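Undergrad: starting from these lines, generate the structure:
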Amino acid sequence: HQGGAGGATLDEDGVRRFLQPVFEQRGEQPLLGPFVDVLRHRGGLFGERGDRFQFAHLTFQEYLAAQFLSRQWQQQPPGFLAKIVSDEWWREVLLLTIGSLGAPTPFERRQDFVKALCGLQAPLPAQVAAAELAATGLSDLVDPEPVLVGMARERLVALLQDKALPTVKPQGRAAAGRALSLVGDPRPGVGTRRVALKEGEIEIPDLTWCTVPAGSFLMGAEDITNDEKPRHSVSLPAFKISRYPVTQAQYALFVEAGGYGERRYWLPDGWKYKERENWKGPRDRGVPFNLPNHPVVAISWYEMAAFCGWLTEVLQGAGLLDGKELVTLPSEAEWEKAARWTDGRTYPWGNRWEDNRANTDETKIGSTTAVGLFPEGASPYGCLEMAGNVWEWTRSLYNKAYPYNPADGREDLKADASRHRVLRGGSFLNNQYFARCAVRFRSSPDDFSVSVGFRVVSLSASGL
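TA: Residues are numbered from 1 along each chain as shown. Take a look at the predicted model:
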């Protein structure tokens with residue numbers, strides 16, 4: 001019986017009503033009263049609290065409810081699972097139920113329950129909640145059945161690609177993204193992939209690229225802040241930009257490849273800071289920030305620049321870039337054009353703020369989310385997460401003077417460490433004002449934050 005965060009409670013009449021059939025069956029009806037008195041005065045796991053009876057520990061109630069569900073869920077009324085999957089009180093019960101359906105019970109019993117969760121006939125928010133519970137519950141097991149893990153994975157991917165995803169609240173999407181990370185996120189552009197070389201296979205970041213054609217766009221904004229003025233036209237050559245920010249899984253390849261020990265990838269000042277501060281990889285900020293399908297955070301501009309040097313070498317070696325192309329951080333002009341198209345729009349999707357199109361403070365998620373959970377926030381070029389989730393480093397030095405002029409020194413990659421670099425896009429910590437395409441923020445290149453990540457561009461080396 002549901003009872004809120006503190007657990008269910010019963011008055012004495014309720015306790016007697018539940019226990020009476022048991023005592024009658026045993027022929028011990030006269031002992032019911034004395035037994036209730038013992039519960040009242042000597043209750044351990046279950047006893048009187050004030051004028052109500054309840055379990056001393058909510059976990060025990062949840063465990064018993066899970067034991068009941070593991071045997072009786074198929075006998076519940078139609079729509080029972082659809083009703084409870086989105087109810088926070090039932091969450092731990094349902095997770096415990098998945099665990100309770102393990103050995104020595106037949107595999108088919110857990111399989112049937114997971115199938116029911118993954119095949120739930122209900123509105124999309126309840127379907128997402130059910131699939132998330134299935135994936136999370138299976139990931140909690142020591143040795144989950146691969147076929148069930150695959151079932152949960154496929155269901156989550158399908159739901160997160162559903163055109164009706166905007167009907168699911170941001171918190172529900174965030175939970176589904178975390179669960180997908182636990183069972184392995186196979187979506188293109190999110191993780192890694194293997195490519196064959198003459199010397200054998202290697203693992204590379206599986207980046208999905210969006211093409212931004214050559215031409216002019218409107219940069220900056222009027223009547224906002226001085227460092228966004230004036231709005232002006234900027235012409236750029238064509239380039240490609242990653243659809244998502246670089247994820248933890250993708251950045252981990254650079255760390256595992258020994259990139260922190262290879263001086264050739266690092267700018268001189270970056271190498272000095274790395275050696276002095278003993279950087280060995282992203283600072284671990286715990287779950288969910290460190291989940292593989294979330295944007296990599298808590299790394300400095302210098303580390304991101306080194307990653308780009310490594311990735312250029314890897315992609316050229318794999319024949320995926322020619323010798324005239326390289327991977328680098330976007331300039332702030334490239335970033336802004338990819339975010340807002342050519343018409344000077346305020347947000348990637350248009351001129352009016354709309355809830356649930358970006359992971360900003362308005363969602364109240366309070367952390368990064370798996371990339372790709374806000375498809376309705378895409379820019380016209382197909383880029384996602386360019387508003388909210390994480391601030392993104394650019395390669396540009398912060399220079400208040402507009403119009404933007406790449407030849408005035410603001411694109412100097414070897415500038416002194418005292419010069420700040422530009423951040424764009426806002427984050428989960430910031431409100432809609434900072435999610436505007438024209439917003440410019442800045443930070444020291446040796447600084448790092450839980451709300452700052454990056455994406456990369458592929459362009460002609462002659463463009464730098």
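
Undergrad: pLDDT of the helix or strand hosting residue 126, averaged?
TA: Using DSSP states H and E, residue 126 falls within helix 124-139. Per-region confidence: helix 124-139 scores 98 on mean pLDDT.

Undergrad: just want the phi and psi numbers for the closest residue to residue 415 other than its chain neighbours.
TA: In this structure, residue 415 finds its nearest non-sequential neighbour in residue 397, 5.6 Å apart by CB to CB, 6 or more residues apart in numbering. All C-beta atoms are positioned from the backbone trio N, CA, C, and that covers glycine. Main-chain torsions, residue 397, degrees, to the nearest 10: phi -70, psi 150.

Undergrad: isn't residue 397 up against residue 411?
TA: Yes - with contact defined as CB atoms under 8 Å, residue 397 reaches residue 411; the gap is 7.4 Å.

Undergrad: where does the stretch 51-200 of the chain have low pLDDT?
TA: Where the stretch 51-200 of the chain drops to pLDDT under 70, the residues are 56.

Undergrad: wait, residue 145 sits on residue 109?
TA: No - between residue 145 and residue 109 there is no contact, the gap being 11.7 Å when judged by CB under 8 Å.

Undergrad: can you map out the helices along this structure?
TA: Counting by DSSP state H, residue ranges of the helices within the chain are 12-25, 32-42, 58-72, 80-84, 88-100, 107-118, 124-139, 146-160, 170-183, 248-256, 268-277, 301-317, 332-340.

Undergrad: export those to TSV and append columns for distance to residue 386.
TA: Output for those, formatted as TSV (distance: least, CB to CB, whole Å):
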stretch	distance to residue 386
helix 12-25	56
helix 32-42	60
helix 58-72	41
helix 80-84	35
helix 88-100	32
helix 107-118	32
helix 124-139	24
helix 146-160	19
helix 170-183	17
helix 248-256	18
helix 268-277	25
helix 301-317	17
helix 332-340	4
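
Undergrad: now, of the ones you listed, which is deepest in the fold?
TA: Highest mean neighbour count among the helices of the chain (mean count of other CB atoms under 10 Å): helix 332-340, with a mean of 26.

Undergrad: that one packs against which elements?
TA: Secondary-structure packing of helix 332-340 (3 or more CB pairs under 8 Å, 6 or more residues apart in numbering; DSSP states H and E): strand 209-212, strand 215-219, strand 232-236, strand 239-242, strand 391-397, strand 421-424.

Undergrad: residue contacts, residue 137?
TA: Residues in contact with residue 137 (CB atoms under 8 Å, 6 or more residues apart in numbering) are 94, 95, 97, 98, 99.

Undergrad: now do the contacts for the fourth one.
TA: Residues in contact with residue 98, defined by CB under 8 Å, 6+ apart, are 110, 113, 114, 133, 134, 137, 138, 140, 141.

Undergrad: local confidence estimate at residue 463?
TA: The model's pLDDT for residue 463 equals 67.

Undergrad: also residue 11?
TA: 85.

Undergrad: please apply the same query to residue 4.
TA: Taking residue 4 on its own, its pLDDT is 53.

Undergrad: for residue 49, same thing?
TA: 76.

Undergrad: tell me how many other residues surround it.
TA: 13 (other CB atoms under 10 Å).

Undergrad: residue 256 versus that one, what's the distance?
TA: 53 Å (CB to CB, to the nearest Å).

Undergrad: ok, residue 167 next?
TA: Taking CB to CB, one finds residue 167 at 39 Å from residue 256.

Undergrad: what's near enough to touch the residue nearest to residue 415?
TA: 409, 410, 411, 412, 415, 419, 420, 421, 422.

Undergrad: for the residues you listed, give me a markdown table that also has distance to residue 123.
TA: Output for those, formatted as a markdown table (distance: CB to CB, whole Å):
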| residue | distance to residue 123 |
| --- | --- |
| 409 | 55 |
| 410 | 50 |
| 411 | 49 |
| 412 | 53 |
| 415 | 53 |
| 419 | 52 |
| 420 | 47 |
| 421 | 45 |
| 422 | 42 |
